[in-house]
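>>> I'd like to go over a predicted model; first the sequence, then the structure.
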Amino acid sequence: MIRLLATIAMLATITSVATAVGGTLAVSGQSRLDIPADQFSLTLGATATDTTVDAARADVDATMAKLVAVVTDAGLTKHKEWHTDRYDVSPQWKPRPRNADDSWKPAIVGYTVRTNLSITSTKMELAGVLVAKAAKAGANSIGALHFSLADHRASRKQAIEEAARHAIADATSLANASGVGLIQILRLSLDGANASPPQPVEHAYMLGSAMRSMSDKDSAPDISGGMVTVTASVTAEWEIAPMNGAQKAQSGSAD
């Protein structure tokens, strides 16, 4: 944890803009923290089409039973880390012939059944394993891997505090260099605090023979979560007064 915080501190950057007009001084402080993603999201699904609903459902249900076994054997907890987020049935209609006469009527020729498991977990080491094992179990719909922070509020708070420290430090430096003192903060605003996750990881585990062969060898792709960039911007406006005898009632220093 100490090593992580040290790394974050080194990655923090600062940009400040200041003006001193009419007895006030306004400073903007920014921070940028690059934090390793510690959570992934993934969907595993099955789709089947057959002439009857029962046949299509039987095919999908058999595959889903295998996928449930995959996530359960991996140690993921139902409801907390995975759940079923779709199960739908749609009819397949016979295409209208190009030269059909007025007597032609649409007819259902089959049914497609689709279902998905939605997974969100902090067990990052399982991301690639689940993709490989799901393909081996017969999943024909595997969504892209999305990475994020499990506790994004903690990182947002850290970025805001960093930006505020930068604003105070820069205001103090500018006031000292200009021969004025910081009296009190007149206005304090959070201009923005955002997290930008890394790009989703796409993969080709879609029933191709090469992919099935790879899965049969229990080969899991080596997938890294990447970094989540958390930024914040804070603006503070101080009342200022000349340094000739005036006591500074509000100041700060850089950490």
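Thanks, I have the structure now.
>>> switch to C-alpha atoms for all contacts and neighbour counts from now on
Noted.
>>> how near is A171 to L188?
13 Å (CA to CA, to the nearest Å).
>>> now swap in A163 and tell me
In this view, A163 and L188 are 12 Å apart by CA to CA.
>>> And for V180?
Remark: distance between V180 and L188 (CA to CA) = 20 Å.
>>> Comparing the two, which residue is more hemmed in?
A direct count of neighbours by other CA atoms under 10 Å for V180 and L188 places V180 higher, at 22 against 15.
>>> Check whether that one really touches M243, as I assumed.
Yes - V180 is within contact range of M243, at 4.8 Å (criterion: CA atoms under 8 Å).
>>> Give me the most central residue, the protein.
With distances taken as CA atoms, centre = their mean, S148 lies nearest the centre of the chain, 3.4 Å away.
>>> so what's that one bridging to?
Q39 (DSSP bridges).
>>> who touches it in this structure?
Applying CA atoms under 8 Å, 6 or more residues apart in numbering to S148 gives the contacts 37-40, 197-198, 228.
>>> what do A163 and L188 both touch?
V234.
>>> In this structure T122 contacts S41, no?
No - assessed by CA under 8 Å, T122 is found out of contact with S41, at 9.0 Å.
>>> and I119, how many neighbours?
24.
>>> and what of E81?
Neighbours of E81 (other CA under 10 Å): 16.
>>> wait, it sits on S121?
Yes - counting by CA under 8 Å, S121 is a contact partner of E81 at 5.5 Å.
>>> For the one helix or strand A164 maps to, buried residues please.
Taking DSSP states H and E as the criterion, A164 maps to helix 152-178. Along helix 152-178, these residues count as buried under the neighbour rule (16 or more other CA atoms under 10 Å): 155-156, 158-172, 174-175.
>>> likewise stretch 100-110?
Residues of stretch 100-110 classed as buried: G110 (neighbour count, 16+ other CA under 10 Å).
>>> Quote the end-to-end distance of that stretch.
Start-to-end span of stretch 100-110 (CA to CA) is 21 Å.
>>> got the contact list for that stretch?
By CA under 8 Å, 6+ apart, the list of residues contacting stretch 100-110 reads 49-53, 91-96.
>>> For I240, give me its contacts.
Contacts here follow CA under 8 Å, 6+ apart; on that basis I240 touches 23-25, 180-184.
>>> Name every strand pairing with the helix or strand hosting it and say which way it goes.
Counting by DSSP H and E, the element that carries I240 is strand 227-242. Using DSSP bridges, the strands paired with strand 227-242 are strand 24-36 (antiparallel), strand 180-196 (antiparallel).
>>> now the last one, how far from the centre of its chain.
So that's strand 180-196. Relative to the chain's own centre, strand 180-196 is displaced by 27 Å; criterion: CA atoms, centre = their mean, to the nearest Å.
>>> average pLDDT across it?
Across strand 180-196, the average pLDDT comes to 92.
>>> Only the buried residues of that strand, if you could.
Burial within strand 180-196, assessed by neighbour count using 16+ other CA under 10 Å, is assigned to 180-183, 185, 193-195.
>>> and the angle for that strand with helix 152-178?
Computed by axes from the mean of the first three to the mean of the last three CA atoms, to 10 degrees, the angle separating strand 180-196 from helix 152-178 equals 150 degrees.
>>> Using CSV, write down the CA coordinates of strand 180-196.
The C-alpha trace of strand 180-196 is given here as CSV (Å, rounded to 0.1, in the frame of the first residue of the first chain):
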residue,chain,number,x,y,z
VAL,A,180,0.8,40.0,-0.3
GLY,A,181,-0.7,37.9,2.4
LEU,A,182,-3.6,35.4,2.2
ILE,A,183,-6.3,36.6,4.5
GLN,A,184,-9.2,34.1,4.0
ILE,A,185,-10.8,31.9,1.3
LEU,A,186,-13.7,33.7,-0.3
ARG,A,187,-14.7,31.0,-2.8
LEU,A,188,-13.8,27.3,-3.1
SER,A,189,-15.1,25.1,-5.9
LEU,A,190,-14.6,21.6,-7.3
ASP,A,191,-14.4,22.1,-11.1
GLY,A,192,-14.4,18.4,-11.8
ALA,A,193,-13.3,15.0,-10.6
ASN,A,194,-13.4,12.1,-13.1
ALA,A,195,-12.1,8.6,-13.6
SER,A,196,-11.1,7.3,-17.1
